[in-house]
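*Asks:* have a look; sequence and predicted model below, questions after that.
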Amino acid sequence: MTPVLDIEGLSKGFTLHHLGNQIEAFDNISFKVAAGEFVLLKGANGAGKSTLLRTLYRSYLPRAGVIRFHSVHGPIDLARAADIDIAHLRRTEIGFVTQFLQARPRVSAEAIVAEPLRLHGVPADEALARARAALSTFGVKQDLWKAYPTTFSGGEQQKVNLARALILPQKLLLLDEPTASLDANARKALVSRLAELKAAGTALIGVFHHPGDVEILIDRVVDLTPEITQSEDRMDVDI
Amino acid sequence: MTLTLDAPRIVTTHPLLQVRNVSKSYGSVKALRDVSALAYPGEVLGIVGESGSGKSTLLRMMNLEETPNTGSYTLDLPDVSGNLFDLDRFARRMLCATRIGIVYQNPHLGLLMKHSSSGNVAERLLVAGERSFAVLRAKATAALEASEFPLDRLDAPPIELSGGMQQRVQLAKAIALEPALLLLDEPTTGLDVSVQALVLDTLKRLQQERRITMVIVSHDLGVIKTLADRVMVMRGGAVVEAGLADQIFQDPQHAYTQQLVHAKL
């Protein structure tokens, strides 16, 4: 299998200067993810699942360890890479889907969804057509396509968010509870889009409040409960 | 784990702007202490810090209005080479007029308040050698339109305009010659919140459409968060921390940055 990510001895903690103390998030985590693999992160609230995703995306700086990402440019340690390289990889190879849409004032839903394609050099007409198809797949009604999502309900915003986050196939996709606040049809659309990306070779690492939603996609589970931190076979896991 | 300015780069090669080891004193006051900064083509570098942190001094150096006691400044552009601080006054003026645009917090610094708005923009084109009235008028109008300035007010002098509109005239002047580098010094400070959002929106759109490299200085973290890809935090004339914008806001490392981020409303 083609390796995408090798994580070795990864640790993260936060130093709170005003309290003069440290909070440990997770310690010495190691696992690998290959192309087309779907890894579920498991653990109680506060076990560090979201923190791990943000550390892989470099929104958080790790305390120690190696995050070896097999980029089209060659292997690169995301823990130490220059900020500008991380910014480039985020535009081209690494995606992060959160529960929240970062809507900007006066930007329409279709423009928000088309933006990653435009930044990738896709011509405006084609980007817009693909954005509309994606909005339609996630069940956003056509009369909302030109509206500003700042005023949408939480569920509708999340559909726009997913359409945008998943429109450009990427090598590595990090998912932080993307099914939260979605209705059944949108959940189904999400699972089918994730299956498409997985079949096309995207490596996926996700946190799901209800892992049953994505059960058919899961290849492996990584449990972040302290002292367990290691990969388990999916058959042992109760989901 | 801390990352340095010179962490090995694999993907991106040449920065457009490199300021290296710049120090500047005014008498016994040290305004800048060994400051270095890089900006890559098409990115937005944000510089935050409280008043007196040296952030505006650094920006004025990037616009060649000030010369440091030590340090170098290079721009990776055709026909531009060497340490730009070594250029004479005339060469500096030509370089700034043609390759660098700037928007000041105070429009009086960037505009002739009693000349027409289109004339203010055209002045920049004149410096670059344009002489045809029709071309001047057309190019000035296009730049004002891109800055979302109302075209029925082309001949109004800035003194008759609102603060938000004055900033749009400054922006039009700054982008009229399609500069490689756009410098923004507190461009929305002092504007109403709603007007501020509109000006930021225009900047964001211009940046995405034209991929202009921008350096923006602000004490307003919201402004920096909206625009910047990478952020430098300054205090007492020195850089205390630099990183990706989301990392600086979500996982600040330095005690001062934590204080700054936690103080944001």
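*Replies:* Okay, I see it.
*Asks:* kindly state the pLDDT recorded for residue B:2?
*Replies:* In this model, residue B:2 is scored at 43, pLDDT.
*Asks:* what does the one 4 residues further on give?
*Replies:* At residue B:6, the model reports a pLDDT of 53.
*Asks:* what comes into contact with stretch A:59-66?
*Replies:* For stretch A:59-66, the external contacting residues (C-beta atoms under 8 Å, 6 or more residues apart in numbering or on different chains) are A:6-13, A:28-29, A:51, A:54-55, A:77, A:79, B:1, B:3, B:243-244, B:246-247, B:250-251, B:253. (C-beta placed from N, C-alpha, C; glycine too.)
*Asks:* then stretch A:12-27?
*Replies:* A:10-11, A:47-48, A:51-52, A:55, A:60, A:62-63, A:224, A:226, A:229, B:251, B:253-255, B:258-259, B:262.
*Asks:* can you count the residues close to whichever residue of chain A sits closest to chain B?
*Replies:* Taking C-beta to the nearest C-beta, chain B has its nearest neighbour within chain A at residue A:17, 3.7 Å off. Neighbourhood size, residue A:17 [other C-beta atoms under 10 Å in any protein chain shown]: 15.
*Asks:* likewise for the one 10 residues further on?
*Replies:* The tally of other residues near residue A:27 (other C-beta under 10 Å) stands at 16.
*Asks:* which of the three states applies to it?
*Replies:* When classified by DSSP: H, G, I helix; E, B strand; the rest coil, residue A:27 comes out as strand.
*Asks:* buried set for stretch B:234-245?
*Replies:* For stretch B:234-245, burial by neighbour count (16 or more other C-beta atoms under 10 Å in any protein chain shown) applies to B:234-235, B:237-245.
*Asks:* before we move on, what about stretch B:74-89?
*Replies:* B:74-75, B:84-85, B:87.
*Asks:* hang on, the earlier thing: so which of the contacts of stretch A:12-27 belong to helices?
*Replies:* Of the contacts of stretch A:12-27, the ones assigned to helices by DSSP state H are A:51-52, A:55, B:255, B:258-259, B:262.
*Asks:* chain B contacts on chain A?
*Replies:* A:14-18, A:54, A:58-64, A:71, A:73-74, A:76, A:79-89, A:104-107, A:115, A:118-119 (C-beta under 8 Å from any C-beta of the partner chain).
*Asks:* which of the residues you listed fall within helices?
*Replies:* A:54, A:83-89, A:115, A:118-119.
*Asks:* for the spatially most central residue of chain A, pull up the helix or strand it's in.
*Replies:* With distances taken as C-alpha atoms, centre = their mean, the residue of chain A nearest its centroid is residue A:174 (2.3 Å). Using DSSP states H and E, the element containing residue A:174 is strand A:172-176.
*Asks:* what two of the ones in helices among the contacts of stretch A:12-27 are the furthest from one another?
*Replies:* Maximum pairwise distance in the ones in helices among the contacts of stretch A:12-27, criterion C-beta to C-beta, is 26.8 Å, between A:52 and B:259.
*Asks:* when these two are compared, which one has more neighbours?
*Replies:* Of the pair residue A:52 and residue B:259, residue A:52 is the one with more neighbours under other C-beta under 10 Å, namely 26 against 13.
*Asks:* contacting residues for the more buried one?
*Replies:* A:10, A:12, A:25-26, A:29, A:41, A:224.
*Asks:* so residue A:191 makes contact with residue A:218?
*Replies:* No: look at residue A:191 against residue A:218 with C-beta atoms under 8 Å: they stay out of range, at 11.2 Å.
*Asks:* I'd like the average pLDDT over the longest helix that chain B contains.
*Replies:* Across chain B, the longest stretch assigned as helix under DSSP H is helix B:193-210. Per-residue pLDDT over helix B:193-210 has a mean of 85.
*Asks:* same check, this time on stretch A:1-17
*Replies:* In the prediction, stretch A:1-17 has an average pLDDT of 93.
*Asks:* could you do stretch B:130-146 as well?
*Replies:* On average, the pLDDT along stretch B:130-146 is 94.
*Asks:* neighbouring contacts of that stretch?
*Replies:* Against stretch B:130-146 from outside (C-beta under 8 Å, 6+ apart): B:117-119, B:121-122, B:125-126, B:151, B:154, B:168-169, B:172-173, B:175-176, B:206.
*Asks:* and if you look at stretch A:109-119?
*Replies:* Identification of contacts with stretch A:109-119 by C-beta under 8 Å, 6+ apart yields A:91, A:101, A:103-104, A:124, A:126-128, A:130-132, A:134-135, A:140, A:144-149, A:152, A:160, A:163-164, A:167-168, B:208.
*Asks:* in helices, which of these appear?
*Replies:* Among the contacts of stretch A:109-119, DSSP H puts A:91, A:124, A:126-128, A:130-132, A:134-135, A:160, A:163-164, B:208 in helices.
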